[in-house]
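Participant: Structure for the following, please:
(one chain, ligands or ions: 1)
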Amino acid sequence: MPETIESDKVTVGYVIGTPYCGSTIMGMLMNTHPDIVSVGETAVSRRMRRIGRTATYPCSCGNELQACPFWNEIVKQVRETVSGFGFDCWSHVYTYDNRLADAIFYGYSGRRPIRWMREVAHSALPPLRKKLSIAKVANEAFYRAALAVGDGKVFFDSDKSLFRLRYLLHHDALDMRPIVLTKDVRQYAASGKRRGRPVADCAREWAQHYRLAAHLLSRHGNGNYIHVRHEDFCQTMPQTVGTLCDYLGARRVELSDRFSPRTQHVLGNKVRHSESLSIRSSTSWRESLDSREEAVALKEGEELMQQFGYQF
Ligand SMILES: [Zn+2]
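Facilitator: Next comes the predicted model:
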């Protein structure tokens, strides 16, 4: 049975996954649902913020952010709650603009001492506590503004940051519904190989990410999450979308597997600049990995691949 949406809380579908797991395209498709709003990543990347290119950052609609009516309205509405919020001040992010502070304090680490140090620092050090409390208010204001401007009931967040989710899961005004999105470890390793990275390292990183996600959900979640294979999403899109709608408490609506990012206001992945997109599965790893590399990738990811129900 679909879960009903509690009117006083903001329902947020939050994607958990590695880079290139297909979250951007899933977010854009879900954004075509009349009751769901997604903006891809919820802030301009750290790199662009550091070099001060935020107001001129290109939205998928073709405008720079400073000229995009959708984003300007969001900024205006969030500012009613969080003064100073703007294209040069994304108060809802948990990253630090200072590189050293970011390296020390940001991230949901797989190493227990580091995780512990960050937990303690964020509860004991006044500047960090202040940042968390501002981010808490700003995230709620951001989600509410996006739903108001985008005229939706459920926000679909493709941001993927585990550290951010760790705090949002404890936010009383948010009804977080995590979505663990996976893509075959061999596809992830093949993407890494194309970028010049060793296959074994990529496969290890893939496994580490999903182990860490499981740890985060077991520790901070309420047992409520859904797992979606990107491959199923592509091959049986209507069924997967139906399952996601049920999980998010949104009505089941038939969505077209072809859409234009130009009609949306999405940040993040470069696919947002495409004229039109269609949902299709990629098995390009078959051409990119030889049998030895495939074995290496599977060795690192085998246990999780089985858990996730992949056949190999
Ligand atoms: Zn736009």
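
Participant: CA atoms for contacts and neighbours, from now on please.
Facilitator: Fine.

Participant: Can you pull the residues of the stretch 151-300 of the chain lying near the ion?
Facilitator: Proximity of the stretch 151-300 of the chain to the ion is confined to residue 265 under the rule C-alpha under 5 Å from the ion.

Participant: where exactly do the strands run in the stretch 151-300 of the chain?
Facilitator: Secondary structure of the stretch 151-300 of the chain (DSSP state E, counting those that start in this stretch): strands at 154-157, 174-182, 226-229, 258-259, 277-278.

Participant: thought residue 245 was touching residue 251?
Facilitator: Yes - under the criterion of C-alpha atoms under 8 Å, residue 245 makes contact with residue 251 at 6.1 Å.

Participant: With neighbour numbers in mind, choose between these two.
Facilitator: More crowded of residue 245 and residue 251, by other C-alpha atoms under 10 Å: residue 245, with 22 against 16.

Participant: Pull the contacting residues for residue 187.
Facilitator: 282-285 (C-alpha atoms under 8 Å, 6 or more residues apart in numbering).

Participant: and which of those residues is nearest the ion?
Facilitator: Distance to the ion, by C-alpha to the ion, is smallest for residue 282 among these, at 28.2 Å.

Participant: What's the local residue count around the closest one?
Facilitator: Neighbours of residue 282 using other C-alpha under 10 Å come to 12.

Participant: And the lowest mean pLDDT element among the helices and strands of this protein?
Facilitator: The element with the least model confidence among the helices and strands of the chain, by mean pLDDT, DSSP states H and E, is strand 277-278, at a mean of 72.

Participant: Which other helices and strands does that strand contact?
Facilitator: strand 258-259 (3 or more C-alpha pairs under 8 Å, 6 or more residues apart in numbering; DSSP states H and E).

Participant: Note down every partner strand of the strand it packs on and its orientation.
Facilitator: The partner list of strand 258-259 in its sheet, established with DSSP bridges, is strand 277-278 (antiparallel).

Participant: Tell me which residues are up against the partner strand.
Facilitator: Strand 277-278 is touched from outside by 257-261, with contacts defined as C-alpha under 8 Å, 6+ apart.

Participant: Pipe those into CSV and attach neighbour count and pLDDT per row.
Facilitator: What follows is those, written out as CSV (neighbours: other C-alpha atoms under 10 Å; pLDDT from 0 to 100):
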residue, neighbour count, pLDDT
257, 14, 86
258, 12, 88
259, 18, 86
260, 18, 87
261, 24, 85
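
Participant: Turn the strands of the stretch 151-300 of the chain into a markdown table, columns for distance to residue 70.
Facilitator: Listed next are these as a markdown table, based on distance: least, C-alpha to C-alpha, whole Å:
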| stretch | distance to residue 70 |
| --- | --- |
| strand 154-157 | 15 |
| strand 174-182 | 23 |
| strand 226-229 | 30 |
| strand 258-259 | 19 |
| strand 277-278 | 21 |
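
Participant: Looking at those, which one is packed in the most?
Facilitator: Scoring those by mean neighbour count under mean count of other C-alpha atoms under 10 Å gives strand 154-157 as the most buried, with a mean of 27.

Participant: Now tell me what touches it from outside.
Facilitator: Surrounding strand 154-157, the residues in contact under the criterion C-alpha under 8 Å, 6+ apart are 10-15, 27, 30-31, 35-42, 143, 146-147, 248, 250.

Participant: again, but for stretch 301-312
Facilitator: Outside stretch 301-312, the residues within contact range by C-alpha under 8 Å, 6+ apart are 182, 184-185, 203-204, 206-207, 227, 229.
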